[in-house]
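> Any chance you could fold what I've pasted below:
(chains A, B, C and D)
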2 protein chains.
Amino acid sequence: MENKAVKSTAIPTAIPEAETRPGRTRSPRTQLDPERWVMAAIDVLARDGIAGLRVEVLAKRCGVTKGSFYWHFKDRQALFDAVLAHWKRGRIRDIEKTTAVTPGAERERLNYVIEVYGASRNRKGMEIELAIRDWARHDASAAAIVESVDLYRLECTRKLFVATGMTDAEAKSRSLLLYACVFGLSLMHYNPFDDNLPNLKQRIAERIVAD
Amino acid sequence: MENKAVKSTAIPTAIPEAETRPGRTRSPRTQLDPERWVMAAIDVLARDGIAGLRVEVLAKRCGVTKGSFYWHFKDRQALFDAVLAHWKRGRIRDIEKTTAVTPGAERERLNYVIEVYGASRNRKGMEIELAIRDWARHDASAAAIVESVDLYRLECTRKLFVATGMTDAEAKSRSLLLYACVFGLSLMHYNPFDDNLPNLKQRIAERIVAD
DNA sequence: CAATGACCATACTGTGTCGTATGGAAAAGC
DNA sequence: GCTTTTCCATACGACACAGTATGGTCATTG
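Predicted structure coming up:
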């Protein structure tokens, strides 16, 4: 009760640690919300996988201590659930945007889907994909999210294939082939296999979408 | 063979602790060698990933304490290296066996490769694959092993495709497509997508190996 | 200005793990 | 027989982490 003269004397305006300081964030009022925590969590997840997603590591990355974390989240699992929900929403939005098409341009759209996933510019997105899929190998909730996203993706591309004149069964097999190939390629280490990889990838894309 | 009335009274032939007993292994003289440790390590790796491959967990699984582990291995990394070396040897042997072929039967052999990897009977082997590939995302030594195995596999199937009359570039692209699809499929969760999955897989296989 | 609540720091307990040090028991060598 | 080597148990220190308890510091509100 009795304030004993405030132990933390001085340090009025000067920033002690300049960055990543648990004491005080640089902005006068930078409060964290669950959204910020989830963003940072996805960053860590992409880098270190689900096993590396620890509360104290994440807190340090946010410039606070875990006292803040346990204010916004019940426990570690609550963060996991939030991460999965956020990822699922983002993927659904992305799929809808990527597979939206004007009639007649379905084939180009399918090629675009392949190109987007193989592009190095969103290596980050693929790292998240792989981390979550590895997570799903041991966690039922993650597996359920992955399944819902996979089914949504497969369904969207199936429609595109059907629009190019394929039977439903063939369209389904092409959808599976497309995504399996995309994820599989990002899982392999084949760099020295050929000195003209774009050529090989072009052939693969044609094999997936062409008649 | 005489029951020498040791502490383990009664239960002459029965196993005292039934399993996982640190005190004494069930067999009178069951000494562990590095090979046994590596086997158990691969089991744990397939189940819990590289993050779950802990020394004490592994020791308990072997029915001993970690004092035994550190006699056979310098540290945890030494076990990791042994696991990677063992896995690589096994994969190389398996690839050579799987892609060995009598001239004229190359196409069947390629279909067999696809079928083998997609078979549920060696789910264990695929779990190891995925665990090691996830491991390779953060570890350079694992990545190097994966790359060498991938290149060897790609080269073996490339020869098969060439033998069916394809150009070298086309054969290379088919090789990539084959393995990417195989690993990608084992990474996805598409079970409710269709009620006749074998049919879809058959179509995919044909798309990969046919002209 | 006082009181309340949102937000975060600090300290603490408990657990799991790596690696080391050391001793003990069985087997092999003499 | 005795000694040495092999193989493992036990005990220990150090650290990282999850989660809790508690108090402090703001901003907002009356």
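> Can you name the helix or strand that A:E147 falls in?
helix A:140-163 (DSSP states H and E).
> Just give me the residue right at the centre of chain A.
What sits nearest the mean C-alpha location of chain A, by CA atoms, centre = their mean, is A:I128, with 3.7 Å.
> can stretch A:139-159 be found next to chain B?
Yes. Stretch A:139-159 lies within reach of chain B by CB under 8 Å from any CB of the partner chain, at A:143, A:146-147, A:150-151, A:154-155. Any C-beta I mention is one placed from the backbone N, CA and C, and that applies to glycine too.
> How about chain A: which residue is closest to DNA strand C?
Proximity of chain A to DNA strand C (CB to the nearest atom of the strand) peaks at A:G67, 2.1 Å away.
> Number of residues surrounding A:F73?
19 (other CB atoms under 10 Å in any protein chain shown).
> Tell me the pLDDT of it.
pLDDT recorded at A:F73 is 96.
> Quick check, it in contact with A:P34.
Yes. Between A:F73 and A:P34 a contact is recorded at 7.0 Å, counting by CB atoms under 8 Å.
> Find residues that contact each of those two.
A:A82 (CB atoms under 8 Å, 6 or more residues apart in numbering or on different chains).
> Can you tell me the closest non-neighbouring residue to A:L197?
A:N191 (7.5 Å; CB to CB, 6 or more residues apart in numbering or on different chains).
> quick revisit: and the helix holding A:E147, what other elements does it pack with?
Counting contacts by 3 or more CB pairs under 8 Å, 6 or more residues apart in numbering or on different chains; DSSP states H and E, helix A:140-163 packs against helix A:76-99, helix A:106-118, helix A:123-136, helix A:168-185.
> so how many other residues sit close to the closest residue to A:E170 other than its chain neighbours?
Of all residues not flanking A:E170 in the chain, B:R203 sits nearest, at 6.3 Å (CB to CB, 6+ apart). Other residues near B:R203 come to 18 when the count uses other CB under 10 Å.
> got the contact list for B:R203?
With CB under 8 Å, 6+ apart, B:R203 has these contacts: A:169-170, A:173.
> Which among these count as buried?
A:170, A:173 (16 or more other CB atoms under 10 Å in any protein chain shown).
> Output the contacts of B:R203 as CSV; include the columns pLDDT.
Converted to CSV, the contacts of B:R203 look like this (pLDDT from 0 to 100):
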residue, pLDDT
A:A169, 97
A:E170, 97
A:S173, 98
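> Just give me the closest of the contacts of B:R203 to chain B.
The shortest gap between chain B and any of the contacts of B:R203 belongs to A:S173, at 3.8 Å (CB to the nearest CB).
> I figured that closest one was touching B:I208, is that so?
No. Using CB under 8 Å, A:S173 is not in contact with B:I208, being 10.8 Å away.
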